[in-house]
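Undergrad: Structure of the sequence below:
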Amino acid sequence: MTPRLRKRWRLSTLSNITLLALYLTGAVALVLLVNINSRHQALRDAERYASLILDRNIVTHSFFKNVLKTGLYEMFEEHSLSPEWLSANFAISNAVKDYDLFTQEDIYYKESAINARNPAHEANPLERDFIERLNLDPNLKTESAIRDYDGKPFFTVLHRGQVAKNECLLCHGKPEEVPTAIIAHYGSERGLFMQPGRTISALSIRIPLAIAYQEANQFSFKLSAFLLILLLVIFLLQYAVTRQLLFAPISTLHQEAQAIAHDPVRLGNTLPLPWGREFYQLVEAFNTMSLNLREHTDMQEQIIGVRTTELEEANQTLRHDIEKRKKIESSLEQLRQRNEMILNTASEGILGLDIEGRITFFNHAASSLLELRHEHIGRINIQGCLGRRDSLQEDHDTAERIKAVLSGGGKIIKQEGYLSSIDGQRGFPAEFSCAPIAANGITGAVFSFSDISERKRTENEIQNLAFYDQLTQLPNRTLFYDRINQRVAQAERDKDSLALMFLDLDDFKMVNDTLGHAAGDDFLKMVARRLQEGSRQADTVARLGGDEFVWFGEIDDEEDARLIAQKFLDGISRPVRLGEHNFSSTVSIGIALFPESARTVANLMKCADAAMYSAKQKHKNAFEFYRAAKES
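TA: You can find the predicted model right below:
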């Protein structure tokens with residue numbers, strides 16, 4: 001027997017303990033139930049007894065009030081009889097005293113009142129509280145409860161007593177209206193000044209319960225002793241029967257099973273069949289199992305021999321298959337290394353994506369551009385590398401196109417976008433392609449890309465050369481005409497007013513001649529900065545060539561143009577330091593208004609140029625508006 005089994009309780013012990021516990025629990029429950037029922041029966045008897053006392057005394061009260069008292073007041077006065085014999089309370093109290101002489105029961109009865117004529121009927125605190133609540137609650141009639149007095153239990157009943165009526169005032173009204181015999185007998189302090197309709201008394205009854213409870217406890221004790229003896233006899237009989245018919249056959253079966261378990265040679269032995277259908281069937285099944293196991297063991301030895309031979313042949317085949325698999329794996333590893341070498345020599349970044357867009361492989365170029373590491377495989381989604389951080393819409397559009405590829409929506413071929421390293425520290429414009437990987441359905445995609453930062457930089461430089469003045473970085477003539485053509489067309493539609501200013505520096509040639517062309521270039525840059533400082537954000541300042549500049553923007557009226565032109569005059573006329581010399585210059589400005597001066601760009605330029613020459617011929621350092629007739 002193993003240590004684990006030795007710790008387990010025997011079934012016979014558990015069965016006996018369980019039955020004994022059930023017997024004792026049932027006996028205790030039965031005794032408690034009988035005791036509680038006996039107490040309840042005593043309480044019901046007390047309730048019936050109290051009800052009889054109440055009914056009897058209520059009838060007595062009714063007899064005294066309705067029969068004796070009604071016509072005897074004159075006789076009471078005439079013969080000077082004692083008033084006590086007319087009182088129902090007096091009669092009942094004496095009857096209770098007489099009853100107490102013939103009985104040993106400690107029964108308490110009292111019709112209590114507040115300020116009662118007879119001090120023996122004066123209400124105690126419990127009775128006084130009940131009378132006061134009777135007058136507050138007309139629906140309250142009776143209260144009953146079990147209360148202890150001097151350490152003994154009593155069934156206590158409080159019942160509504162007499163209600164004062166008009167005829168009661170003959171004896172309990174004002175002193176001057178009460179018969180003199182009553183005043184003489186009881187005095188003028190107690191039992192008077194009653195009010196009709198108020199409850200003046202309560203019937204108080206106490207029925208002792210101690211004896212009944214004691215008898216119930218004695219009966220419960222006797223019943224407990226009887227049940228204990230009876231249950232002990234039943235338990236011993238049950239123990240003897242179950243040991244002989246149940247546990248002895250189980251023990252025999254256990255011993256034989258243990259012997260077979262420790263000595264396989266005994267497999268096939270059988271046991272004699274016992275009494276009882278259930279154990280007969282159990283032992284019969286055990287014998288059949290023992291015989292079948294013996295037969296099965298013999299067959300297993302034969303099968304094991306055959307299987308051993310087959311396993312040796314299978315092991316030989318498996319070893320051959322393993323050698324072939326190793327050769328295949330070696331070839332696959334060489335192919336993987338060759339493919340990896342090809343990928344790593346590519347100048348483009350190449351990423352493998354699974355169906356969810358997670359990165360599954362990358363080459364050296366992709367690792368360098370996107371800061372990818374081996375631990376990122378399977379954890380980083382391509383969306384984390386897409387788009388500018390300040391261009392969420394572009395990022396979203398690129399992600400949606402890649403999702404479309406992964407869901408079977410075609411390919412992406414050489415589209416431009418923006419990629420960022422996974423830490424977001426480095427970003428660059430890129431040209432990328434994306435194609436699905438199909439093997440029994442789409443399983444992922446290949447994402448290839450290249451950094452086109454240098455190409456974009458070249459394109460920007462070309463655009464800058466084409467549209468911006470290289471000296472001042474102001475828009476050149478081409479960009480200026482493009483912007484003003486668009487703005488004039490919009491102003492035509494929106495009915496806006498525009499101003500065009502043609503600016504020409506006065507005596508600029510003198511700067512080049514005296515200070516050199518380098519100083520002249522610095523002066524032109526200064527003029528460009530001051531023109532931009534005097535312009536609004538929506539205005540355009542351009543250099544057409546040499547010392548000629550042009551400005552246009554939206555205005556509300558001619559006064560707006562006048563203020564802007566004056567800003568330009570003041571700004572350019574401020575002295576500037578050129579090398580070791582201070583130099584100042586002036587500018588002549590011609591102004592044409594749209595649509596007052598002209599409605600086309602070419603005519604606006606002509607009008608502004610004519611106004612500028614007019615200003616230069618008159619006094620320089622001034623501006624002139626074009627005042628010719630309006631163009632139709």
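Undergrad: which parts of stretch 128-135 are buried?
TA: By neighbour count on 16 or more other C-beta atoms under 10 Å, the buried set for stretch 128-135 is F130, I131, L134. (C-beta placed from N, C-alpha, C; glycine too.)
Undergrad: contacting residues around the last one?
TA: This means L134. By C-beta atoms under 8 Å, 6 or more residues apart in numbering, the contact set of L134 is L140, R160, T199, A202.
Undergrad: Next: the first one.
TA: In this structure, F130 makes contact with E143, L158, A202, judged by C-beta under 8 Å, 6+ apart.
Undergrad: Ok, the second one next?
TA: Applying C-beta under 8 Å, 6+ apart to I131 gives the contacts S112, A113, I114, A123, G161, T199, I200, S201, A202.
Undergrad: Am I right that P153 sits in a strand?
TA: Yes - the assignment for P153 (DSSP: H, G, I helix; E, B strand; the rest coil) places it in a strand.
Undergrad: now L140, what's its secondary structure?
TA: L140 ends up coil, using three-state DSSP.
Undergrad: Would you check that it makes contact with E132?
TA: No - using C-beta atoms under 8 Å, L140 is not in contact with E132, being 10.6 Å away.
Undergrad: mind listing which of the contacts of F130 are in strands?
TA: Among the contacts of F130, the ones falling in strands (DSSP state E) are E143, L158, A202.
Undergrad: Neighbour-wise, which one of the residues you listed leads?
TA: Using other C-beta atoms under 10 Å as the neighbour test, the ones in strands among the contacts of F130 are led by A202, with 27 neighbours.
Undergrad: circling back to that earlier point, which one of the buried residues of stretch 128-135 sits closest to D557?
TA: Ranked by distance to D557 (C-beta to C-beta), these are led by L134 at 101.8 Å.
Undergrad: Tell me how far the residue found closest to the closest one once you drop the neighbours it is linked to in the chain lies from D55.
TA: Computed as C-beta to C-beta, 6 or more residues apart in numbering, the closest residue to L134 that is not its neighbour in sequence is T199, at 4.3 Å. Distance of T199 to D55, given as C-beta to C-beta, to the nearest Å: 19 Å.
Undergrad: For these two, indicate the residue with more neighbours.
TA: More neighbours surround T199 than the other of T199 and D55, with 21 against 10 (other C-beta under 10 Å).
Undergrad: distance between the helix or strand hosting E301 and the chain's centre?
TA: Using DSSP states H and E, E301 maps to helix 277-345. Taking C-alpha atoms, centre = their mean, to the nearest Å, the mean C-alpha location of helix 277-345 is offset from the chain mean by 52 Å.
Undergrad: And the next helix or strand past that helix?
TA: strand 349-354.
Undergrad: Could you name the helices and strands sitting against that next one?
TA: strand 359-362, helix 364-370, strand 442-451 (3 or more C-beta pairs under 8 Å, 6 or more residues apart in numbering; DSSP states H and E).
Undergrad: now that strand: mean pLDDT?
TA: In this model, strand 349-354 has a mean pLDDT of 84.
Undergrad: Export the helix or strand where Y109 lies to PDB, keeping only CA atoms.
TA: Assessed by DSSP H and E, Y109 sits inside strand 108-113. Provided in PDB are the C-alpha atoms of strand 108-113 (Å, rounded to 0.1, in the frame of the first residue of the first chain):
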ATOM      1  CA  TYR A 108     -52.600  37.700  37.700                       C
ATOM      2  CA  TYR A 109     -55.700  39.600  36.700                       C
ATOM      3  CA  LYS A 110     -56.300  43.300  37.100                       C
ATOM      4  CA  GLU A 111     -58.500  46.000  35.500                       C
ATOM      5  CA  SER A 112     -56.100  48.900  35.700                       C
ATOM      6  CA  ALA A 113     -56.800  52.600  35.400                       C
END
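Undergrad: and that strand, which residues are buried?
TA: Y109, K110, E111, S112, A113.
Undergrad: After it, which helix or strand is next?
TA: Counting by DSSP H and E, what follows strand 108-113 is helix 125-136.
Undergrad: Which strand runs longest in the chain?
TA: strand 427-438.
Undergrad: Give the other helices and strands that that strand contacts.
TA: helix 392-406, strand 412-420, strand 442-451, helix 453-467.
Undergrad: Out of these, which one sits most buried?
TA: Compared across the helices and strands packed on strand 427-438, strand 442-451 shows the largest average neighbour count, a mean of 19 (mean count of other C-beta atoms under 10 Å).
Undergrad: Report the mean confidence score over that one.
TA: 85.
Undergrad: now it against strand 412-420, angle please.
TA: Strand 442-451 runs at 70 degrees relative to strand 412-420, counting by axes from the mean of the first three to the mean of the last three C-alpha atoms, to 10 degrees.
Undergrad: quick one on the thing from earlier: nearest to Y418 among the ones in strands among the contacts of F130?
TA: Nearest member of the ones in strands among the contacts of F130 to Y418, counting by C-beta to C-beta, is E143, at 92.0 Å.
Undergrad: who does that closest one bridge with?
TA: With DSSP bridges as the criterion, E143 is bridged to L158.
Undergrad: Any chance you could list what contacts stretch 524-541?
TA: Looking at what lies outside stretch 524-541 - C-beta under 8 Å, 6+ apart - the contacts are 471-475, 480, 483-484, 487, 503, 505, 543, 547, 549-554, 564, 567-568, 571-572, 574, 576, 587.
Undergrad: run the last query once more with 6 Å
TA: Identification of contacts with stretch 524-541 by C-beta atoms under 6 Å, 6 or more residues apart in numbering yields T472, L474, R483, W551, F552, G553, K567, F568, G571, I572, V576.
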